[in-house]
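In: sequence? don't have it. structure:
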């Protein structure tokens, strides 16, 4: 076991804990990953603390598990993979380092949440391209490092967006800055000549940020990151399109994203839309759910600085024309759900309690990337498998998020359940792992594998695993960074 | 250096006798150089091979590992990064791998082999109402997203950059393993290049391509974009006078000049933020003149005409309307922005016949050779990074002074010392570049080498970032820049050593596995 005094010397005695109750909080989460208690929880105050912690871990071969978001966690990636670990809780690192209106970029520390960053960028006339209703405690950096899908596909040019540059302490104990932030010069010197740490790729012929994203903390610990921001619209006009025919909605989404007509754009089934919009459970939820069509597309048209009314006006005409060609009608409200109310909701983090927990107290997500053509088959297969497992289809939320400007679609099945009910929990746990192979066979690409399903997913491609292990051997040769995750 | 007969035969066994050669005439045709070198013909390859598919590429790579011979793979092979780094290098000319494997209209991606050229792919896409990014080097260059030094082009505003358009990739590593990135490895599908877990795209390309230094990218999927223009451009005439007979409906072309760089960049920023432009290209008037002129005489005549009409630096804009009302809106916003930023339209190019031809050449990217080579037979460039506002302009202003000194000395073509800046992704990113045209003489080469070194030193001393031009041309430059930029040279070298332990993938355009003595 690592010496507590050494940890205290780095972060201060008050920022080291081995209180059993605290350790218990980090030992497990809402996923089905087996709990393992860490030895310590430390809360670094700055990048220097992190640097020293990683170097100490390297010397003592102590596993480090970085955590940036607050509880509850859902995917098991912040649960130690082996015993003797130290949790590096970054949630106290809350500096919003810079918001640069001219270059549309912000720079933050890992503990900054969406709720904290949104007002800061809004003050500068900017906004974030954020995930759908992240929980209140969700770290902005955590979200970007996990390549979480974002709700405005138009501004999602590349799957790594909106992440720009990062400063990272690799498992070797060495500091590195990715992309344009690498240098020459300090960050302050770069600002002085008008640079903004926005170009993510490089330096030179490697894109290091891509190796840190999706790594679940197995390569190093990020001390700050910069991110792309978008302009705050001057006016917006949101719409809903309800339908029982998913294929028609997907056709409409294709054209809306292809022509880059809309900002926020996603599809929810009636279960998820009700779970988001209901104010009282279970009655309100049930009423809304029953009143909604099986699928609802949400999209938002925005105007900016120049001729915003004119822009909104013609874009409404263009979207309406496209919708009519697909036999659909965009409207301001579907049943009891208003487009404006939904827009306001999705431009902020989820209100408490977190929307995925409101219905039954627990939720397990099965998510993957695919293309529109494959969605109907995948959804149908998932319904069949849920049925076979005895999981009620009427409880399964579905969220379809076009990403990468409509080239891909993030598909997410939300399995709501009561975590206090052992038989329900067990049914969901089994369903979560048993579906993977079947979904892959039908075109589901699990680009972000977590928990018990990881091996099934990652072992399909031995050549990529071998390449990833080479990368790992360079960035974290002592395997101190979150061991036991992915293929490491 | 000639290959040993047995070794030659081993490669011949892979590709067949018709697809390998060490004939000096053939070897010389691969050693022609147009850049800042005094000798027109450089180092010869030991042999040229023409593999037909991934299996043959893999077999060649394995033989190279077996015999300790380096390889340099390239597709259309335009720049010095296609040249060998030493005498014992064999060429993999990928010209037989020329298939468009898939155009997925609904999901907006195309899959290509390395020798599909951009105008080929674009022509097929336009028939389907789609378009692709084309690098500034021209539509005659490969459409493969790894086959470019720096992957930016004229249509970056609406079609991004190559590095950011890449989806799934098939990669023959320097050790001869076939790695299929993303959904290709898991499912055999091309739609995503990232995961499971960390994205291996990261080790294969950065803000510049690996230029042959980390294996061979045999197939790749790339994002494609909407095209509202005609399925086929209505071209009339005979080369070099051919041009479209009309401006397509809902297209608009203007060249604007500004009182100073400050107003020009501000106009680009506002155009980007308002999301109106299909293309913003920071041509200076010399490039515009070269684009239009069908001979050097015409080129200079246009240049002299234009320089009397402009206020200062400028750029060209192409608007493309997806609907009549979309087009009208974009035109109105553009007019307002130009008014606010004191831009003035260059009247002669408002003529629909001239504008129509400029639209066509600036979308098909057919005039790059004229713009770069015709005046002097050779060109070079100092390339900045991708921050469009502030840093890049400051860097270009500084390098422009060096350029003007060489113009005064009569070494470079006189284009008033202008530089180019243009935005990508509606102004989120951008590019800056200073183009120099010259005749290859010992005097000019010395001066240009001095210019390049001074521009690099300036980037370090003044904190202007790691320029794109660093990669692909001078591997030792990484060891000059790296210590000032997070020691990236150390990390890139570690990757090189891990993935290419025998250093068979020619590093003359990448980073060498071993650091050269005396470079730090």
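Out: Great, that's in hand. On a predicted model such as this, the values are computed, not experimentally measured, just so you know. Numbering: from 1, shown residues only, chains lettered A, B, ... in the order given.

In: what's near enough to touch residue A:468?
Out: A:486-488, B:197-198, B:200 (CB atoms under 8 Å, 6 or more residues apart in numbering or on different chains). Glycine gets a C-beta too; all of them are placed from N, C-alpha and C.

In: what's the farthest-apart pair in these?
Out: A:488 and B:200 (14.4 Å; CB to CB).

In: that older thread, would you list the contacts of residue A:468 in TSV and tack on secondary structure, pLDDT and distance to residue A:229?
Out: Shown next, in TSV, are the contacts of residue A:468 (DSSP: H, G, I helix; E, B strand; the rest coil; pLDDT from 0 to 100; distance: CB to CB, whole Å):
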residue	secondary structure	pLDDT	distance to residue A:229
A:486	coil	97	30
A:487	coil	97	34
A:488	coil	97	33
B:197	coil	98	27
B:198	coil	98	25
B:200	coil	98	28
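
In: Break chain B into its domains for me.
Out: Domain assignment for chain B, taken from automatic domain parsing, gives B:5-93, B:100-226, B:249-468, B:476-509.

In: just checking, which of those domains sits deepest inside the structure?
Out: Across the domains of chain B, averaging neighbours per residue (mean count of other CB atoms under 10 Å in any protein chain shown) puts domain B:100-226 on top, at a mean of 24.

In: Show the end-to-end separation of it, please.
Out: 18 Å (CA to CA, to the nearest Å).

In: Kindly report the same for stretch A:136-155.
Out: Span of stretch A:136-155 from end to end, CA to CA: 23 Å.

In: cool, stretch A:352-372 as well?
Out: End-to-end for stretch A:352-372, by CA to CA: 32 Å.

In: For it, buried residues please.
Out: Buried residues in stretch A:352-372, counting neighbours by 16 or more other CB atoms under 10 Å in any protein chain shown, are found at A:354-360, A:362-372.

In: Indicate whether it makes contact with chain B.
Out: Yes: using CB under 8 Å from any CB of the partner chain, stretch A:352-372 reaches chain B at A:369-372.

In: what about residue B:153, distance to residue B:281?
Out: Residue B:153 is 9 Å from residue B:281, where distance means CB to CB, to the nearest Å.

In: Just the residues of stretch A:352-372 next to chain B: which are in strands?
Out: Counted as lying in strands by DSSP state E, out of the residues of stretch A:352-372 next to chain B, are A:369-370.

In: How about the residues of the stretch 201-350 of chain A by chain B?
Out: Near chain B, when you scan the stretch 201-350 of chain A using CB under 8 Å from any CB, you find A:201-216, A:218-219, A:228, A:231, A:254, A:258-260, A:304-307, A:310-311, A:314-315, A:317-318, A:321.

In: could you flag which of these are buried?
Out: Buried among those by 16+ other CB under 10 Å: A:201-216, A:218-219, A:228, A:231, A:254, A:258-260, A:304, A:306-307, A:311, A:314-315, A:318.

In: re earlier: residue A:224: which of the contacts of residue A:468 is nearest?
Out: Looking across these and measuring by CB to CB, the closest to residue A:224 is residue B:198, at 19.5 Å.

In: what's near enough to touch the closest one?
Out: Counted by CB under 8 Å, 6+ apart, residue B:198 has contacts A:210-215, A:218-219, A:468, A:471, A:486.

In: again with residue A:424
Out: A:417-418.

In: rerun at 10 Å
Out: Applying CB atoms under 10 Å, 6 or more residues apart in numbering or on different chains to residue A:424 gives the contacts A:360, A:362, A:390-391, A:395, A:415-418.

In: just so I know, which of the domains of chain B lies nearest residue A:100?
Out: Closest among those, using CB to CB: domain B:249-468, at 9.5 Å.

In: The single nearest residue of the stretch 151-300 of chain A relative to chain B: neighbouring residues, count only.
Out: Nearest residue of the stretch 151-300 of chain A to chain B, counting by CB to the nearest CB: residue A:194, 2.3 Å away. Per other CB atoms under 10 Å in any protein chain shown, the neighbour tally for residue A:194 reads 19.

In: Now name the helix or strand holding it.
Out: Using DSSP states H and E, residue A:194 sits within no helix or strand.

In: In chain A, which helix is the longest?
Out: Ranked by number of residues, the top helix in chain A under DSSP state H is helix A:308-325.

In: Now do whichever helix or strand comes after that one: everything it contacts.
Out: Tracing the chain past helix A:308-325, the next element assigned as helix or strand by DSSP H and E is strand A:333-334. Strand A:333-334 is contacted from outside by A:239-243, A:270, A:273, A:291-293, A:296-298, A:339-342, using CB under 10 Å, 6+ apart.
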